[in-house]
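>>> Requesting a structural model of the entry that follows:
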Amino acid sequence: MAGTSLRPTAARAVWSRDFALFFAARAVARLGDTMLPVALAAGLLQHGYGAGAVGLAMAATAAAFAGLVVFGGVLADRFSTRKLMIGADLVRLGTQALAAALFFSGHVVLWQICAIGFANGVAGAVFQPGVASTVPRLASDVQGANGAIRVAESAAQLAGPAVAGLLVGFASPGGVFAAHATTYAVSALCLLLLRLPPPAPGSRAVSGRGSKAFRADLVQGWREFLARRWLWSVIAVWCVYMIAVWGPTVPLVATEVVGEHGPRAYGLVNSALGAGTVVGGLLALRLRPVRMLRAGAIALVGFAAFPASVGAGLGVPAMAAGAAVAGAGMSFWGVMWATSVQTQVPPDVLNRIHAYDVAGSLAMMPVGQALAGPAAAALGADRVLLVAGVTSFAVCAALLLIPAVRGLVRVDAAAAGSSGTAAAAAEPSRAQKC
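As a prediction, the model looks like this:
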């Protein structure tokens with residue numbers, strides 16, 4: 001890949017006791033999160049509720065998370081991120097244990113499950129922003145750390161539904177909720193044992209207390225977000241991506257593949273997507289592009305193969321191959337993006353910027369999912385998926401056409417260039433002294 005640095009950056013410190021603990025916390029929690037949809041679907045359907053109830057329970061979590069994650073970013077910049085994450089894990093340990101008790105007892109009421117989901121979403125909104133600043137504090141090779149975490153989360157995403165299916169079959173949906181609660185206990189324990197280094201230079205102490213100071217921090221985070229054109233440009237393009245590509249792809253691929261080839265074929269395609277994300281994470285561990293977002297946008301072109309192969313009515317092997325390519329491209333982009341944000345943004349506003357990033361990235365996904373059905377009814381699901389494939393190309397082209405995005409130079413490469421320039425400028429003065 002053009003512009004890729006193959007210097008021995010891979011030898012930088014990634015693995016340490018503390019990063020291993022954080023890595024384990026993220027991997028185990030992700031395993032539990034991917035088990036949850038199976039538990040909700042099996043449990044609510046078993047107690048007489050329909051697919052709409054399952055969607056409502058999931059929406060309660062998503063709405064709370066998307067609506068409050070920006071405020072979580074302010075909290076993470078003002079208080080100890082480690083303590084906030086431990087607290088969030090303990091809250092979710094309690095809520096999922098309560099859900100397990102409800103399903104074991106057979107007393108399942110939809111509003112209670114939705115309330116538990118909402119509480120989980122609030123806890124997630126408090127937890128997630130702190131992830132952004134924790135990775136750079138634990139590993140000097142931020143890209144390597146993000147790649148390792150992406151590989152682990154992708155592997156967990158592959159294993160989670162299968163584990164949940166086994167637990168539902170041999171135990172009950174309540175057993176899945178109990179296992180999910182256990183994953184949060186493990187995550188909280190890992191974070192409790194973790195020794196987080198002091199904040200990086202440039203971090204600030206709390207500037208004030210009360211609602212006025214909180215609002216000021218919120219506004220400052222927004223201004224810092226708008227001050228970085230590469231940042232808000234990507235989020236703006238990503239909103240289009242969520243509406244026209246990712247939003248319709250997920251539900252329509254499911255209905256098309258299951259309807260034409262059966263649930264086993266859909267499972268195979270989904271597994272191929274997960275395997276591709278693992279490959280993308282491994283590539284991100286190896287390749288060191290100087291212009292990370294440009295390389296990530298080029299890799300993201302591969303996602304078009306997923307909706308296009310299904311929309312074109314190709315066979316199951318071709319769809320699985322398209323899904324694998326899509327997963328690899330999406331995963332590689334994800335590592336490049338996360339690393340860019342974590343290394344380009346000052347430490348004192350990083351958690352707030354990450355929160356705006358997460359909120360902006362997720363805001364349009366429900367819109368795309370909601371429009372998928374009407375669009376499929378009007379045009380046909382196959383045509384909507386083909387349009388999604390074409391739009392995926394257009395989105396990548398848009399990213400590459402924005403100078404601030406394609407020209408963003410990784411921090412270590414820019415620092416090396418500055419050092420080289422300074423050394424060259426100093427050379428004549430050394431010669432004169434000689």
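
>>> contacting residues around the nearest residue to Leu193 once chain neighbours are set aside?
Here the nearest residue to Leu193 in space, its sequence neighbours aside, is Leu21; by Cβ to Cβ, 6 or more residues apart in numbering that works out to 5.6 Å. (C-beta placed from N, C-alpha, C; glycine too.) Applying Cβ atoms under 8 Å, 6 or more residues apart in numbering to Leu21 gives the contacts 190-191, 193-194.

>>> Quick check, pLDDT for Leu21.
Turning to Leu21, the model gives it a pLDDT of 92.

>>> Look up phi and psi at it.
Per-residue torsions, Leu21: phi -70, psi -40 (degrees, to the nearest 10).

>>> packing partners for the helix or strand harbouring Tyr184?
Assigned by DSSP states H and E, Tyr184 belongs to helix 173-193. On a contact count with 3 or more Cβ pairs under 8 Å, 6 or more residues apart in numbering; DSSP states H and E, helix 173-193 meets helix 17-46, helix 81-105, helix 142-170.

>>> Now render the ones you listed as JSON lines, adding distance to Ala53.
Output for the helices and strands packed on helix 173-193, formatted as JSON lines (distance: least, Cβ to Cβ, whole Å):
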{"stretch": "helix 17-46", "distance to Ala53": "5"}
{"stretch": "helix 81-105", "distance to Ala53": "14"}
{"stretch": "helix 142-170", "distance to Ala53": "17"}
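
>>> and Gly373, which of those helices is closest to it?
Nearest of those to Gly373, taken as Cβ to Cβ: helix 17-46 at 18.6 Å.

>>> Just the angle for that closest one relative to helix 142-170, thanks.
30 degrees (axes from the mean of the first three to the mean of the last three Cα atoms, to 10 degrees).

>>> in helix 17-46, what counts as buried?
For helix 17-46, burial by neighbour count (16 or more other Cβ atoms under 10 Å) applies to 18-19, 21-36, 38-44.

>>> Ok, stretch 376-386 next?
Going by 16+ other Cβ under 10 Å, stretch 376-386 has these buried residues: 376, 381-382, 384-386.

>>> Can you give the contact residues for that stretch?
By Cβ under 8 Å, 6+ apart, stretch 376-386 touches 248-249, 252-253, 255-256, 307-308, 310-313, 372, 375, 387.

>>> Span of that stretch from start to end?
End-to-end distance of stretch 376-386 (Cα to Cα, to the nearest Å): 11 Å.

>>> quick one, what contacts the residue positioned nearest the centre of the chain?
A centroid search over the chain (Cα atoms, centre = their mean) returns Gly334, at 7.3 Å, as the residue closest to the centre. Contact partners of Gly334, counting by Cβ under 8 Å, 6+ apart, are 150, 280, 296.

>>> which SSE is it in?
Secondary structure (DSSP H and E) places Gly334 in helix 316-344.

>>> Can you mark which positions in that helix are buried?
316, 319-344.

>>> now swap in stretch 49-62 and tell me
49, 53-54, 56-58, 60-62.

>>> now stretch 260-270
So stretch 260-270, judged by 16+ other Cβ under 10 Å, has buried residues 265-266, 268-270.

>>> what sits up against it?
253-254, 257-258, 310, 313, 316, 319-320, 323.

>>> Likewise for stretch 44-57?
Residues beyond stretch 44-57 that count as contacts (Cβ under 8 Å, 6+ apart) turn out to be 40-41, 106, 108, 110, 113-114, 117, 173.

>>> Closest one to Gly94 out of the buried residues of stretch 376-386, please.
Ala376 (40.1 Å).

>>> what's the pLDDT at the closest one?
On the pLDDT scale, Ala376 gets 84.

>>> So, low pLDDT: which residues of the stretch 1-150 of the chain?
Filtered on pLDDT under 70, the stretch 1-150 of the chain yields the residue ranges 1-13, 51-52, 55.

>>> can you rerun that using 90?
1-18, 29-82, 103-111, 113-114, 117, 128-150 (pLDDT under 90).

>>> One more: the stretch 301-434 of the chain?
313, 316, 342, 345-382, 410-434.

>>> can you tell me how far Ala66 sits from Pro173?
Going from Ala66 to Pro173 by Cβ to Cβ, to the nearest Å gives 26 Å.

>>> Looking at the two now, which is surrounded by more residues?
Of the pair Ala66 and Pro173, Pro173 is the one with more neighbours under other Cβ atoms under 10 Å, namely 26 against 20.

>>> In contact with Gly302, which residues are there?
325-326, 328-330.

>>> can you check Val301 too?
Counted by Cβ under 8 Å, 6+ apart, Val301 has contacts 329, 392-393, 396.

>>> Starting from Val349, give me the distance back to it.
Val301 is 32 Å from Val349, by Cβ to Cβ.

>>> Just the closest of the contacts of Gly302 to Val240, please.
Of the contacts of Gly302, the one sitting nearest to Val240 (Cβ to Cβ) turns out to be Met330, at 15.8 Å.

>>> mind checking how far that closest one is from Asn351?
Applying Cβ to Cβ to Met330 and Asn351 gives a distance of 24 Å.

>>> do the same with Trp111
33 Å.

>>> just Val74 next, same as before
Applying Cβ to Cβ to Val74 and Asn351 gives a distance of 8 Å.

>>> what angle sits between the helix holding Tyr184 and helix 17-46?
Using the same axes, to 10 degrees: helix 173-193 against helix 17-46 is 160 degrees.

>>> could you pull out the helices for the stretch 301-434 of the chain?
With DSSP state H, counting those that start in this stretch as the criterion, the stretch 301-434 of the chain has helices at 305-311, 316-344, 350-363, 365-379, 381-401, 403-406, 411-433.

>>> Quick check: can you list the domain ranges of this protein?
Domain ranges of the chain: 17-196, 227-413, per the TED database.

>>> May I see those organised as JSON lines, with distance to Ala213 added?
Listed next are the domains of the chain as JSON lines, based on distance: least, Cβ to Cβ, whole Å:
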{"stretch": "domain 17-196", "distance to Ala213": "8"}
{"stretch": "domain 227-413", "distance to Ala213": "13"}
